[in-house]
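**Student:** Below is the sequence, then the predicted model.
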Amino acid sequence: MKVPIQDNDTPTSGDREGPGSVKERDIPGKEIKRKSGKLEKKELPKKKKDEINKLKSIISNLTEKLEKRESELVIAEERALRAVADSENYSKRLTREYNEKSRFAALSLIESILPVLDNLEKARQAIEEGSGSLDQLGEGVRMTHQQFVDILGGQGLEKLDVVGKPFDPTLCEAVHVEQTSDNEDGTVTRELAPGYSFNGRVIRAAKVCVARNSPGEPET
């Protein structure tokens, strides 16, 4: 049995790189650098650093302004709440004062009428006891009436003067028509119930009789 002789120029299995492969050691001047297991930290260019710092400054300013606005908003909300509370308290106080004034609006008038009430009480007692003459009672009633008129006049009440004047529907209410030639047609001849005004405003029209000169007009 013949043993094949191995040629020294024939590459061994360890030297074979496959068809067309070139060993790195065969490339002249080429050295293989192994990559380190750790990543090297690269320095950013100066322009990039400036841009980042500028952005950080902008964000910082915006954050500061936002915090300032938030603080101002909290203060504004507190002021608004206080204003609403003050307004409600003021409204309640005005309501209380209005109700109080409404309850005692007529107090001064009542106080001024009390003397009239005293005189009427004396007249009533005199009538019940039979003391005093009719003339004295009549004079007492006349004085009491005048006192009452003066008090109400001081408060702004005035009696309407309509008798002998042309009928005015804003002051009078015609409840009767009189056929007469003594007065011009439409003249107020009599006052059946007085009318009054309060501080220039008519609060009750006078009930009156009105003259009618035309014949054949029926009386109402």
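**Tutor:** Done, it's in.
**Student:** make it CA atoms for all contacts and neighbour counts henceforth
**Tutor:** Will do.
**Student:** show me where this structure has strands.
**Tutor:** Assigned strands in the chain, in chain order: 157-159, 172-179, 188-193, 196-198, 201-204, 206-212 (criterion: DSSP state E).
**Student:** Buried residues in the fifth one, which are they?
**Tutor:** The neighbour-count criterion (16 or more other Cα atoms under 10 Å) identifies 202, 204 as the buried residues of strand 201-204.
**Student:** Return the list of strands paired to that strand, each annotated with direction.
**Tutor:** Counting by DSSP bridges, the strands paired with strand 201-204 are strand 196-198 (antiparallel).
**Student:** Buried residues, the strand it pairs with. List them.
**Tutor:** Going by neighbour count (16+ other Cα under 10 Å), the buried part of strand 196-198 is 196-197.
**Student:** Could you do stretch 112-125 as well?
**Tutor:** Along stretch 112-125, these residues count as buried under the neighbour rule (16+ other Cα under 10 Å): 112, 116, 119-120, 123.
**Student:** Serialize those residues to JSON lines and add fields for pLDDT.
**Tutor:** Compiled in JSON lines, these are given as follows (pLDDT from 0 to 100):
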{"residue": "Ser112", "pLDDT": "90"}
{"residue": "Val116", "pLDDT": "91"}
{"residue": "Asn119", "pLDDT": "89"}
{"residue": "Leu120", "pLDDT": "89"}
{"residue": "Ala123", "pLDDT": "85"}
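**Student:** Just the ones in helices from the residues you listed, please.
**Tutor:** Restricting the buried residues of stretch 112-125 to those inside helices, with DSSP state H as the criterion, leaves 112, 116, 119-120, 123.
**Student:** Single out the most deeply packed of the strands of the chain.
**Tutor:** Per-residue neighbour counts averaged over each of the strands of the chain give the maximum for strand 206-212, namely a mean of 24 (mean count of other Cα atoms under 10 Å).
**Student:** export it as PDB, just CAs?
**Tutor:** Only the C-alpha atoms of strand 206-212 are listed here, as PDB (Å, rounded to 0.1, in the frame of the first residue of the first chain):
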ATOM      1  CA  ALA A 206    -111.900 113.900  44.100                       C
ATOM      2  CA  LYS A 207    -115.400 112.600  43.600                       C
ATOM      3  CA  VAL A 208    -117.400 115.600  42.300                       C
ATOM      4  CA  CYS A 209    -120.600 116.900  40.700                       C
ATOM      5  CA  VAL A 210    -120.200 118.500  37.200                       C
ATOM      6  CA  ALA A 211    -122.400 121.200  35.800                       C
ATOM      7  CA  ARG A 212    -124.300 120.500  32.500                       C
END
